[in-house]
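[1] Next comes the sequence, and after it the predicted model I'd like to discuss.
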Amino acid sequence: MHVSKFVPAKTRDEHWADVYATFNGKIVISGDCKIAYRPHEAVAFIDNGFVCFFPEKGWGQLRGHEQAAILIHQWPRMVQWVRENNAPCCWRFDFAGKSGGIRLSDEPFQRLEIPEEVLETTPRRLAKRS
C-alpha cells in the first residue's frame, strides 16, 4: 500500500509514520536513500515500531524497471529478514549500478546507524520526555 492512500501528498515522513501506525502498519519499504541524513525521520519509523528498508544512494537515478528488478530480487530476503529480525529498526539494501546497468546483490542488509546522542535529542524524543 502506498502512503498516498492515507495521507496527502508531500506529508512529512514523521507525520505519515504516525498515521501508518494507526493502521497497524509494521513494514516500510522506501526509496528514500537520504534517510540517514535526517535522523528525526528515522526515529519516527523506529518509535512507531516499524521494520524499514531503504536503498543505498543512487536509487533515484535508476529507471523504473531497474528499481523493480532490485525490489523483486530483495523481496524474499526482506520477508525472511522480518521473520527473523522484527525489532523496530531501519536497514539498507545494497545494489550497484547506474541507469543502464545494475548488479543485484545478496549482501547482508546494513543497519542504519544513528548515534544514541542524536536519537535522544530529536524533537520527537524530547517531546516524549516533557
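    Yep, it's here. Numbering: from 1, shown residues only.

[2] Where does pLDDT dip in this structure?
    Under the criterion of pLDDT under 70, the regions of the chain flagged as low confidence span 36, 97-101, 119, 122-130.

[3] One more pass at 90, please.
    Across the chain, residues meeting the criterion (pLDDT under 90) sit at 1-19, 23, 25, 31-47, 56-63, 66, 85-86, 93-108, 110-130.

[4] In it, mark out all the helices, start to finish.
    Assigned by DSSP state H, the helices in the chain fall at 13-22, 39-47, 64-84, 116-119, 123-129.

[5] Out of the ones you listed, flag the one nearest residue 94.
    Smallest distance to residue 94 across these (Cβ to Cβ): 9.0 Å, for helix 64-84. To be clear about C-beta, it is placed using only N, CA and C from the backbone, and glycine gets the same treatment.

[6] Quick one: residues contacting residue 59.
    Taking Cβ atoms under 8 Å, 6 or more residues apart in numbering, we find residue 59 in contact with 31, 33, 67, 95.

[7] Tell me which of the helices of the chain sits most buried.
    Here the criterion is mean neighbour count by mean count of other Cβ atoms under 10 Å, and of those the winner is helix 39-47, at a mean of 21.
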